[in-house]
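Colleague: can you look at this prediction? I've put the sequence above it.
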Amino acid sequence: MKTSCLFADQELRQLLREDEKRKLGKEVFDQYRQWYKLERGDGMAIKGVKVAPPDVVAKIRKKYEDFGQFVNQQPRFQSETW
């Protein structure tokens, strides 16, 4: 009697033998080519960090602070329950 590990190994070998004969489509080749580019390092362009000038950052922070004060001034909606 075979152990489950040997049986799984035999099944895998059988699947690989059957898969050898199958013709691969264009999408498989394209996927392989994309993977190969990524592994080689040509497929991705990593962009650098953008740094905003301090005056722009101050303007944006002020805008958010003003918006937060506006939200706190608005009356809260209360639902009526009967």
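Modeller: Great, that's in hand.
Colleague: distance of Lys59 from Leu15?
Modeller: 62 Å (C-beta to C-beta, to the nearest Å). Backbone N, C-alpha and C define where each C-beta goes, glycine included.
Colleague: point out where the protein drops to low pLDDT.
Modeller: Within the chain, the ranges that satisfy pLDDT under 70 run 1-2, 42-44, 70-82.
Colleague: tell me where it has strands.
Modeller: Using DSSP state E, the chain contains no strands.
Colleague: any idea where the helices of the protein begin and end?
Modeller: Taking DSSP state H as the criterion, the chain contains helices spanning 4-20, 26-40, 54-73.
Colleague: just the CA trace of the longest one, in CSV.
Modeller: Pointing back at helix 54-73 there. Extracted C-alpha coordinates of helix 54-73, given in CSV (Å, rounded to 0.1, in the frame of the first residue of the first chain):
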residue,chain,number,x,y,z
PRO,A,54,7.0,74.2,3.4
ASP,A,55,4.7,77.1,2.4
VAL,A,56,2.5,74.8,0.3
VAL,A,57,2.3,72.4,3.3
ALA,A,58,1.3,75.3,5.6
LYS,A,59,-1.5,76.4,3.2
ILE,A,60,-2.9,72.8,3.0
ARG,A,61,-2.8,72.4,6.8
LYS,A,62,-4.5,75.7,7.3
LYS,A,63,-7.3,74.7,4.9
TYR,A,64,-7.9,71.4,6.8
GLU,A,65,-8.0,73.2,10.1
ASP,A,66,-10.5,75.8,8.8
PHE,A,67,-12.6,73.0,7.4
GLY,A,68,-12.6,71.2,10.8
GLN,A,69,-13.8,74.3,12.5
PHE,A,70,-16.6,74.7,10.0
VAL,A,71,-17.8,71.1,10.5
ASN,A,72,-17.9,71.7,14.3
GLN,A,73,-20.1,74.8,13.9
